[in-house]
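In: model this:
(one chain, ligands or ions: 1)
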Amino acid sequence: MTEALDEICAQAKVIPVIVIERLEDAVPLGRALVEGGLPILEVTLRSDCALEAIAAMREALPEASVGAGTVITVEQYKQVEALGVDFVVTPGATPALLDYAVTSGSPVLPGIATISELMLGMEYGLRRFKFFPAESSGGAAAIKSFGGPIPQVRFCPTGGIGLANAGDYLKLPNVMCVGGSWVTPKALIDAKDWAGITKLAREAVERFA
Ligand code: 3PG
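Out: Numbers count the residues shown, from 1 in each chain. So this is what the prediction gives:
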């Protein structure tokens, strides 16, 4: 589990958080991000066509690591696992989800915001977590503090992160990458401005390489 997540997260410092409202946008958006140097794609289950979007991206973009985000039930976990997703992101960590996740071939990055949630996840053998919602849960200072008693865990913070503050997180030894929707703004997706998305991705890659 930890090795699989480390291998995925080693590919980029930024994981775009993606909401696909129109299935036709899935592949061009994914391609634009990959072209800009961001090959880890977190497609959230926040839209009706999310599962189809994940399937389409996996088929058309074999060079990308396509994961599912906003997975909040075991049923959803099973659905995305059946699609062969490379990873699963959950906003929080319930015992039911963790019970299932540790039996699954699709590695989980569970969301935690407190040290007790982190310790619960560790009891399941997990060592990689999403820190969410990052900015409103203490930001980089909180992750730095987690590293005191629990230095062996690494995080992907998301929630309120953008070009201006991502560096505060990425300079911490216990942060492997950050997630965010700033590279996938709705206005550019609605306008099908794929070159604009590639530009945002490239900007993030150049800043945080
Ligand atoms: C997530 O699901 O990780 C967050 O919604 C992303 O947060 P952001 O939109 O503030 O980047």
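
In: give me the buried positions along stretch 75-90.
Out: Using 16 or more other CB atoms under 10 Å as the test for burial, stretch 75-90 gives 76, 77, 79, 80, 81, 85, 86, 87, 88, 89, 90. The way it works is simple: take the backbone N, C-alpha and C, and place the C-beta from them, glycine included.

In: where along this protein do the helices fall?
Out: 2-9, 26-35, 50-60, 74-82, 95-101, 115-123, 139-146, 166-170, 186-190, 194-208 (DSSP state H).

In: got a markdown table for those helices, with mean pLDDT and distance to the ligand too?
Out: Shown next, in a markdown table, are the helices of the chain (pLDDT from 0 to 100; distance: least, CB to the nearest ligand atom, whole Å):
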| stretch | mean pLDDT | distance to the ligand |
| --- | --- | --- |
| helix 2-9 | 94 | 14 |
| helix 26-35 | 98 | 14 |
| helix 50-60 | 98 | 13 |
| helix 74-82 | 98 | 14 |
| helix 95-101 | 97 | 15 |
| helix 115-123 | 97 | 16 |
| helix 139-146 | 98 | 12 |
| helix 166-170 | 98 | 10 |
| helix 186-190 | 98 | 10 |
| helix 194-208 | 97 | 12 |
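
In: okay if I get those helices as JSON lines plus distance to residue 68?
Out: Listed next are the helices of the chain as JSON lines, based on distance: least, CB to CB, whole Å:
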{"stretch": "helix 2-9", "distance to residue 68": "13"}
{"stretch": "helix 26-35", "distance to residue 68": "13"}
{"stretch": "helix 50-60", "distance to residue 68": "6"}
{"stretch": "helix 74-82", "distance to residue 68": "4"}
{"stretch": "helix 95-101", "distance to residue 68": "12"}
{"stretch": "helix 115-123", "distance to residue 68": "18"}
{"stretch": "helix 139-146", "distance to residue 68": "24"}
{"stretch": "helix 166-170", "distance to residue 68": "22"}
{"stretch": "helix 186-190", "distance to residue 68": "18"}
{"stretch": "helix 194-208", "distance to residue 68": "20"}
